[in-house]
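J.: Structure, please.
(3 chains)
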Amino acid sequence: MNPDYYKDEHYRTIIHVDLDCFYAQVEVMKNPELKNVPFGVQQKNIVVTSNYLAREFGIRKCMLLSDAKQMCPNLVLVNGEDLNDYRSMSYKVTSLLQKYSNSVERLGLDENFIDVANLVDEKLQDNTFQVHSVGNIFGNIETLCQCGCEVRLKVASLIAEEMRKLIYEELGLTSCAGIAHNKLLAKIVCSKHKPNQQTVIFPNSALELMLSLNSVENIPGIGKATSEALRTINIRTIQDLQNIAISELNKLFDSEKAKFLQNLSYGIDKSLVKRSGKPLSIGLEDSCKLISAEKEVKEKLTELLKRLLILVEADGRIPKTIKLTVRKFDKLTKTSRRETRQSNINPHLFTSGKVALMNSGNVDKILITLMGLFRKIVQVRRPFHITLLGLSFNKFNERPDIRRSLALFLRKDLEVQSITSIENLNSNDSSPESAAPSPSSYRESSDQECEPTPKRTKLNMFKRNLMEYDKCESPCKLRVQDLQLNSEKHDNNQNISCPPSVDESVFKELPLDVQHELWSEYKRTRNELVNFGNRAKRVKGNTLLNYFVKK
DNA sequence: AAGCCCCAG
DNA sequence: CATTCTGGGGCTT
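T.: Residues are numbered from 1 along each chain as shown, chains lettered A, B, ... in the order given. Just a heads-up that it's a prediction; the model follows:
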């Protein structure tokens, strides 16, 4: 038996929410007449998903159009090649779920993991609260674990029901939920009762749930390549993976991966719910039958680029690199493979809003780089065959507007530009001399309702200013307004890392997006330090971080 | 940092 | 088997 099995801890409480046939639900909202007919969502030659009426005919994910039509001659089809509507609805769902926890991880467009530890603790503080569960329970409940996970999971089942109700009431979408002490089990158990239902699993039934998958390729995290590798040493079933000597797995995978895989087979998953933020890349791709002419390539790229620029504009950030993806078809081997090339782009093309973005001259400039990238992949002087073109923007800077307005604000309203005594900024600090001057322009009639003792401190004003920013409509703002979006990876995914040069107590008081901004700025300057050694200036220029460094 | 591969829905 | 249209992450160079 895997030694980790006896050490598995159940202190976490995780909900997995999965929207029912998501694309199909969005299409019904766009066209309610679809509600009572079997229909599928089509991309090129493929039915990528279908409603439940169609599934009764045997329609399955990624079925060929011709096969689907044979099974269900009356199948109605809607085109789903443009993901915009699905994507925007998806982010609305994530935004709703973020009301329950700051730790929400997106998976694809239709799934979210939520770590509800804090909410569960809150609910358990209330002694009048009668603990019970709602929804389906997977497995037996005769020998439940006594570590305390039972009540947490039951409470989480109530939270999951609230979440699903909210998603239905606010957005009209039905969903399923799985509740467990780790992500793996939450995800698997979620699919045990569908659609529009939820299921909780207690740790004592973890093995039963894993065995119900039958084969290793059904374990989330084990894909085609891994299961093929496992097959070479005759591992097919869950039990095979449980019982194989770890030394055998080490012949195929490094020891960390080997351990990870075997743990999965026991339903053990230590991975944390990662806070999802703004996407790290924004891309579009279009597959096609065959392209063999450079002119055609340029036309396709133009169309893709124009669509992509609209998405990037809506995102609000400034992209730094662009990547071209080409799928080459080899007529001899009858196989295709993807090749990519990327290059930096001139940020000036994006700095002055929509006009600059859609300016045809700028589009042309980007197109020239793209065709340059294309010729790196394809010898255009020789015959070539392309079956897919893709574009994506990959690295981003926040738009400078935010930082500039903050810096301006600070310079205007603070006598000193750098904050030397950080504690004085804390609104909980009651020492009288710490109060900052309060310009009358920031007095508001609604003051009394804001905070118990709304002290006019610099930090309060700083936060207020940000709230004002949040309220305003601006073309550079995200379409997904409420989302807590971060574009950085952090050492600790519960809290945002505090740059060592900044006082942590102040850092924690700052709004999340400012924390992100400070951290990413610190990382940039740190990288410069690495590159240039001691001669580099610590923090240079008129940066946000500069206002918060301890002196 | 660039490009490939693997994972997911 | 992959097929669509994405997006994240890890490995190698």
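J.: neighbours of the residue lying closest to A:Asp8 once chain neighbours are set aside, just the number please.
T.: Leaving aside its chain neighbours, A:Asp8 sits nearest to A:Ile268 (5.2 Å; criterion: C-beta to C-beta, 6 or more residues apart in numbering). C-beta: built from backbone N, CA, C; applies to glycine. By the measure other C-beta atoms under 10 Å, the count of residues near A:Ile268 is 22.
J.: cool, and the one 10 residues further on?
T.: Applying the criterion other C-beta under 10 Å, we find 20 residues in the vicinity of A:Lys278.
J.: Kindly report the same for A:Arg275.
T.: As a burial measure, A:Arg275 scores 23 neighbours (other C-beta under 10 Å).
J.: And A:Glu313, by the same measure?
T.: By other C-beta under 10 Å, the burial measure for A:Glu313, its neighbour count, is 18.
J.: low-confidence ranges in the stretch 451-551 of chain A?
T.: A:451-509, A:511-551 (pLDDT under 70).
J.: what does the stretch 51-200 of chain A put close to DNA strand C?
T.: A:Cys62, A:Leu64, A:Glu81, A:Asp82, A:Leu83, A:Arg87, A:Gly108 (C-beta under 7 Å from any atom of the strand).
J.: On the three-state scheme, A:Val273 is what?
T.: Per DSSP: H, G, I helix; E, B strand; the rest coil, the secondary structure class of A:Val273 is coil.
J.: which residues touch it?
T.: A:Ile14, A:Ser103, A:Val104, A:Glu105, A:Phe113, A:Ile114, A:Asp115, A:Lys183, A:Asn493 (C-beta atoms under 8 Å, 6 or more residues apart in numbering).
J.: Out of the residues you listed, name the ones that lie in helices.
T.: A:Lys183 (DSSP state H).
J.: From A:His16, how far out is the residue nearest to A:Asp8?
T.: Using C-beta to C-beta, to the nearest Å, A:Ile268 is found at 16 Å from A:His16.
J.: Please apply the same query to A:Thr199.
T.: 10 Å.
J.: Same check on A:Leu185?
T.: A:Leu185 is 9 Å from A:His16, by C-beta to C-beta.
J.: what is in contact with these two at once?
T.: A:Gly178.
J.: dump the residue contacts of A:Leu64.
T.: Contacts of A:Leu64 (C-beta under 8 Å, 6+ apart): A:Asn45, A:Ile46, A:Val47.
J.: How about the contacts made by the nearest residue to the second one once chain neighbours are set aside?
T.: Taking C-beta to C-beta, 6+ apart as the measure, A:Ile46 lies nearest to A:Cys62, with 5.6 Å between them; neighbours along the chain are not counted. Taking C-beta under 8 Å, 6+ apart as the definition of contact, the neighbours of A:Cys62 are A:Ile46, A:Val47, A:Val48.
J.: Can you read off the pLDDT for the first one?
T.: Spelled out, it's A:Ile46. pLDDT recorded at A:Ile46 is 97.
J.: So which bits of the stretch 251-400 of chain A are right by DNA strand C?
T.: A:254, A:257, A:274, A:279-287, A:336, A:387-388, A:390, A:392.
J.: Buried ones among the residues you listed?
T.: In those, burial by neighbour count holds for A:Lys274, A:Pro279, A:Ile282, A:Gly283, A:Leu284, A:Ser287, A:Leu388, A:Gly390, A:Ser392, counting by 16 or more other C-beta atoms under 10 Å.
J.: element containing the residue nearest to A:Ile233 when sequence neighbours are not counted?
T.: Of all residues not flanking A:Ile233 in the chain, A:Glu248 sits nearest, at 6.0 Å (C-beta to C-beta, 6+ apart). Per DSSP states H and E, A:Glu248 falls inside helix A:246-249.
J.: how about that helix: buried residues?
T.: Buried-residue list, helix A:246-249, by 16+ other C-beta under 10 Å: A:Leu249.
J.: And it, what does it pack against?
T.: In terms of contacts (3 or more C-beta pairs under 8 Å, 6 or more residues apart in numbering; DSSP states H and E), helix A:246-249 is packed against helix A:255-265.
J.: right, and the helix or strand after the helix it packs on?
T.: Going down the chain from helix A:255-265, the next helix or strand is strand A:282-291, by DSSP H and E.
J.: What residues does the stretch 251-400 of chain A have near DNA strand B?
T.: Checking the stretch 251-400 of chain A against DNA strand B by C-beta under 7 Å from any atom of the strand, the hits are A:Thr321, A:Lys323, A:Arg337, A:Arg338, A:Glu339, A:Thr340, A:Arg341, A:Gln342, A:Ser343, A:Asn344, A:Lys376, A:Lys395.
J.: ok, for the last one, nearest residue in space, not its chain neighbours?
T.: To tie it back to what came earlier, the one meant is A:Lys395. Per C-beta to C-beta, 6+ apart, closest to A:Lys395 is A:Lys320, 4.2 Å.
J.: And the contacts of the strand or helix carrying A:Leu119?
T.: With secondary structure defined by DSSP H and E, A:Leu119 is part of helix A:117-125. Helix A:117-125 is contacted from outside by A:11-13, A:100-101, A:129, A:131, A:151-152, A:155-156, A:158-159, using C-beta under 8 Å, 6+ apart.
J.: Next: stretch A:80-94.
T.: Counting by C-beta under 8 Å, 6+ apart, A:17, A:19, A:22-23, A:26-27, A:30, A:41-44, A:48-49, A:104, A:106, A:109-110, A:112, A:167, A:170-171, A:173, A:276, A:286, A:311, A:479-480, A:483 sit against stretch A:80-94.
J.: And it, how far out from the chain middle?
T.: 13 Å (C-alpha atoms, centre = their mean, to the nearest Å).
J.: May I have the phi/psi pair for A:Val41?
T.: phi -100, psi 130 (degrees, to the nearest 10).
J.: got the contact list for it?
T.: Contacts of A:Val41 (C-beta under 8 Å, 6+ apart): A:Tyr23, A:Ala24, A:Glu27, A:Val47, A:Val48, A:Thr49, A:Ser50, A:Leu77, A:Val78, A:Asn79, A:Gly80.
J.: Find the nearest non-adjacent residue to it, please.
T.: According to C-beta to C-beta, 6+ apart, the nearest residue to A:Val41 is A:Gly80 (3.8 Å).
J.: So what does the most centrally placed residue in chain A have for phi and psi?
T.: When C-alpha atoms, centre = their mean is applied to chain A, the residue found nearest the centroid is A:Ser276 (3.5 Å). Here is the backbone geometry of A:Ser276 (degrees, to the nearest 10): phi -80, psi 140.
J.: mind putting the contacts of A:Leu64 in CSV, distance to DNA strand B, neighbour count and secondary structure included?
T.: Output for those, formatted as CSV (distance: C-beta to the nearest atom of the strand, whole Å; neighbours: other C-beta atoms under 10 Å; DSSP: H, G, I helix; E, B strand; the rest coil):
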residue, distance to DNA strand B, neighbour count, secondary structure
A:Asn45, 16, 10, coil
A:Ile46, 11, 18, strand
A:Val47, 14, 25, strand
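J.: Could you tell me which ones among those also sit near DNA strand C?
T.: Applying C-beta under 7 Å from any atom of the strand to the contacts of A:Leu64, those adjacent to DNA strand C are A:Asn45, A:Ile46.
J.: tell me which of the contacts of A:Leu64 is nearest to DNA strand C?
T.: A:Ile46 (4.5 Å; C-beta to the nearest atom of the strand).
J.: Would you check that the closest one makes contact with A:Ser66?
T.: No. Contact criterion C-beta atoms under 8 Å: A:Ile46 and A:Ser66 do not qualify, at 10.2 Å.
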